[in-house]
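Engineer: Have a look; sequence and predicted model below, questions after that.
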Amino acid sequence: METPPPPLPLAPRDSIPRRVLIADDNADAAMSLATILKMEGHHVQTACSGAQALSQGQVLQPEVVLLDIGMPDMNGLEVCRRMRQLPWGRAITIIALTGLGQQEDRRQSEEAGFDAHPVKPVNIKLLTNMLSTLPMQKMMASFGTSLQRRPTVPTEECLCIKAPGQQSDSDFLPRLL
């Protein structure tokens, strides 16, 4: 008689459940990732287009958006720009999920307002670590605290770039890879 497999791991006890919006025109990919993140304890919704991501974001008020860049109706770069203009989108973490990983692609995602640019297939362990270590930006913003998006991850998983408005090359804002 075979023993049953162990149960799938849930979020660590010290992990904070996040409100996550996944926007990807590949519905199977979005649902698969949503299932994994739900098993980790996060509240997740999916959108299959840029327009749907904007409307669902308004309702969900996500802390994190995982956004495909190559969507047909409105690409992820435009969706990110629009989200950053909305009150609920200014302090959130927006992560590009894309197959595009060239230097120019990363530059464009940074200019659009993305906080991170991992290349598909995404490392699930790294992604769940990102989610569990993000600061509680929405709560801080509700108290009027001035925020800069500064995720807390090990430095080997960061690409450091000069923060907007910084005069010195010694001051850097870590960006997730």
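Structural biologist: Done, it's in.

Engineer: where exactly do the strands run in this structure?
Structural biologist: In the chain, the strands defined using DSSP state E lie at 19-23, 43-47, 64-68, 93-97, 158-162, 172-176.

Engineer: who touches Arg81 in this structure?
Structural biologist: Contacts for Arg81 (CB atoms under 8 Å, 6 or more residues apart in numbering) come out as 112-113. Backbone N, C-alpha and C define where each C-beta goes, glycine included.

Engineer: pLDDT value on it, please?
Structural biologist: At Arg81, the predicted lDDT confidence score is 98.

Engineer: pLDDT weak spots in this structure?
Structural biologist: Within the chain, the set of residues satisfying pLDDT under 70 comprises 1-15, 135-177.

Engineer: top helix in it by residue count?
Structural biologist: If you go by DSSP state H, the chain has its longest helix at helix 27-39.

Engineer: Tell me the buried residues in it?
Structural biologist: Buried residues in helix 27-39, defined by neighbour count with 16 or more other CB atoms under 10 Å: 29-30, 33-34, 37.

Engineer: Same question for stretch 68-79.
Structural biologist: By neighbour count on 16+ other CB under 10 Å, the buried set for stretch 68-79 is 68-69, 71, 74-77, 79.

Engineer: Just the endpoints, please. Distance across that stretch?
Structural biologist: One end of stretch 68-79 to the other measures 10 Å (CA to CA, to the nearest Å).

Engineer: before we move on, what about stretch 16-36?
Structural biologist: The first residue of stretch 16-36 is 15 Å away from its last residue (CA to CA).

Engineer: for stretch 91-109, same thing?
Structural biologist: Stretch 91-109 has an end-to-end distance of 17 Å (criterion: CA to CA).
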